[in-house]
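Peer 1: quick one, fold the following:
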Amino acid sequence: MTYKAKTATLVLAAAVLITGLFTAPAFAVSSGGHVNDADIDALTSTLDAINVYTGALEDSSVPISEVVADGQAAQAKIAAFGAHSFVTSLGSAYSHSAASLKQDVSTISTDIGIIDGDLQRNDITQANTDNTALNTHIDQFNNDVTALNASVDTHNAPIVRQEKTMNVAYLGLLIVTVVICAGSFAWAKRQKMDPLDAHARMSVAKTSIAPVVGAAITFGSFYLAKNGGTYFIAWGPVAVGGIAYVRSLANYRATKKLPAQPVHTGYAPMPGVATPVHPQQFSPNPVTPVNPVPGAPTPAPHPGVDHNVHPPQPPTFG
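Peer 2: Numbering: from 1, shown residues only. A predicted model of the protein is given here:
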């Protein structure tokens, strides 16, 4: 790998890390991933007040004045709930169920007012002349509470579906990235004679790690926060790592178009390397030729070198 290629790889790895660390927290969602936290808080507060009133109403040891006070507190919570604005980003079904929920809660407030009136009249006259009407109103109250609970379940249905969809999506992303990563490393480990091909394959495998890390952070934090908490959508490692993976695949395809590098063995000649010469090709006393200079004396013969030309001798027979 060239210095330029190594630098580009390091810069890309740093970008994946920095993007994943500093952008994922920005997408943290509280309360188990609900975008309607204010809706949930308002409904929970109202239901708690109604339950307190119901408990006081059923407990014969609680003074009537305390029951009436709890009823007035519940009516105040119901009035605040009626003025609450629900989010609209969860679709028409959610908005429709919110309207039905407000209507059911308003009915409960009316029932509380009627029951409190019956209780106060009985308390003043110290008689049970209105017990029949009181029991009828309490039965109606209980029926309306049952209807309210059904409305709450209907209202929560879009959120439950959203959580299931997100759970499947994040788990699916994790599975896909793990399969791609495992397959990339298995593919990179195949025996190849061409070093360029092997290096390009390993680069593809290494870039597949970042999306796995991002998907694991997202699914793991979402799973732990399902019952309330915070999870992080770590899109940085997934997105930037995915781009790096595609880029490494493109680089691998480019290397496939290059001619294969030869494998050098033995004394095969290599570019830029002198070809070895057998020692017998050198004379025992090499002589460097010298061009004669006009007027210069002729150099003496090199010792041990015969400069005379001898005619071939006929063969001698015994």
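Peer 1: state the mean pLDDT of the one helix or strand T110 maps to.
Peer 2: According to DSSP states H and E, T110 maps onto helix 92-125. For helix 92-125, mean pLDDT is 82.
Peer 1: average pLDDT across the next helix or strand after that helix?
Peer 2: Later in the chain than helix 92-125, the nearest helix or strand by DSSP H and E is helix 131-188. Mean per-residue pLDDT for helix 131-188: 82.
Peer 1: packing partners for helix 131-188?
Peer 2: If you count contacts as 3 or more C-beta pairs under 8 Å, 6 or more residues apart in numbering; DSSP states H and E, helix 131-188 packs onto helix 37-58, helix 92-125, helix 195-207, helix 209-224, helix 235-256. C-beta here means a position set from N, CA and C on the backbone, and glycine is covered the same way.
Peer 1: quick one: the residue nearest to H155 when sequence neighbours are not counted from A42, how far?
Peer 2: Sequence neighbours aside, S97 is the residue nearest to H155 in space, at 4.2 Å (criterion: C-beta to C-beta, 6 or more residues apart in numbering). Separation of S97 from A42 (C-beta to C-beta, to the nearest Å): 14 Å.
Peer 1: can you tell me which residues contact the closest residue to L47 other than its chain neighbours?
Peer 2: Counting by C-beta to C-beta, 6+ apart, V152 is the residue found nearest to L47 once chain neighbours are left out, at 7.4 Å. By C-beta atoms under 8 Å, 6 or more residues apart in numbering, the contact set of V152 is L43, L47, L101.
Peer 1: the second one: neighbour count?
Peer 2: Counted with other C-beta atoms under 10 Å, the burial measure for L47 works out to 19 neighbours.
Peer 1: kindly report the same for the last one.
Peer 2: Look at L101: counted by other C-beta under 10 Å, it has 21 neighbours.
Peer 1: then A169?
Peer 2: 13.
Peer 1: now the one 10 residues further on
Peer 2: V179 sits with 12 neighbouring residues when counted by other C-beta under 10 Å.
Peer 1: from here on, count from 6
Peer 2: With the count now opening at 6, the last piece we talked about shows up as V184.
Peer 1: how far away is it from V150?
Peer 2: 50 Å.
Peer 1: D42 now?
Peer 2: Taking C-beta to C-beta, one finds D42 at 25 Å from V150.
Peer 1: between the two, which one's more packed in?
Peer 2: For D42 versus V150, neighbours defined as other C-beta under 10 Å are more numerous around V150 (18 against 13).
Peer 1: so who does the closest residue to the more buried one other than its chain neighbours touch?
Peer 2: Setting aside the residues directly before and after it, V150 is nearest to I113 in space (C-beta to C-beta, 6+ apart), at 6.6 Å. Residues near I113 by C-beta under 8 Å, 6+ apart: I55, A79, I83, F146, D149, V150, L153.
Peer 1: quick one, what contacts the last one?
Peer 2: Just to be clear, that refers to L153. By C-beta under 8 Å, 6+ apart, the neighbours of L153 are L52, I55, L106, D109, V110, I113.
Peer 1: cool, the first one as well?
Peer 2: Applying C-beta under 8 Å, 6+ apart, we find I55 in contact with A79, K82, I83, I113, V150, L153.
Peer 1: just the third one next, same as before
Peer 2: Residues in contact with I83 (C-beta under 8 Å, 6+ apart) are T51, A54, I55, V110, S111, I113, S114.
Peer 1: burial measure for K169, as a count.
Peer 2: As a burial measure, K169 scores 10 neighbours (other C-beta under 10 Å).
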